[in-house]
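> Give the three-dimensional model of this entry:
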Amino acid sequence: MPKMKSVKGAVKRFKIKKNGTIKRGTAFRSHILTKVDGQHHRAARSPKIVDATDAHKIKQMIVG
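The predicted model follows:
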């Protein structure tokens with residue numbers, strides 16, 4: 001039986017923390033940030049956590 005491969009796009013985008021939650025990045029922070037107000041810009045810095053409804057599918061994609 002062949003190996004179960006992980007989804008490489010998911011591996012690059014998500015990290016599993018020690019407590020099992022999944023960290024994700026924030027959208028809309030790559031370029032043209034001069035138009036964005038400071039409050040939104042600062043909030044985008046902090047890492048976000050994936051919602052529990054999506055966490056199971058993402059773990060399956062990462063582990064394989």
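> All the helices of the protein, in order from the start?
Secondary structure of the chain by DSSP state H: the helices cover 8-13, 38-43, 52-63.
> Now render the ones you listed as a markdown table, adding distance to residue 19.
Quick note: C-beta positions are derived from backbone N, CA and C, even for glycine. Output for the helices of the chain, formatted as a markdown table (distance: least, C-beta to C-beta, whole Å):
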| stretch | distance to residue 19 |
| --- | --- |
| helix 8-13 | 19 |
| helix 38-43 | 23 |
| helix 52-63 | 12 |
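> Pass me the low-pLDDT residue ranges in the protein, would you?
Within the chain, no range satisfies pLDDT under 70.
> residue closest to the middle of it?
residue 24 (2.1 Å; C-alpha atoms, centre = their mean).
> which residues does it bridge with?
Residue 24 has these beta-bridge partners by DSSP bridges: residue 48.
> can I assume it is in contact with residue 14?
Yes. Look at residue 24 against residue 14 with C-beta atoms under 8 Å: they come within range, at 5.7 Å.
> overlap in contacts of the two?
residue 50 (C-beta atoms under 8 Å, 6 or more residues apart in numbering).
> buried set for stretch 28-47?
By neighbour count on 16 or more other C-beta atoms under 10 Å, the buried set for stretch 28-47 is empty.
> Check stretch 9-17 too.
In stretch 9-17, the ones that count as buried by 16+ other C-beta under 10 Å are 10, 13-14.
> residues in contact with that stretch?
22-25, 50, 58-59, 61-62.
> Please repeat the previous calculation with a cut-off of 10 Å.
7, 21-25, 47, 49-50, 54-55, 57-64 (C-beta atoms under 10 Å, 6 or more residues apart in numbering).
> What is the end-to-end distance of stretch 13-23?
Terminal residues of stretch 13-23 lie 9 Å apart, using C-alpha to C-alpha, to the nearest Å.
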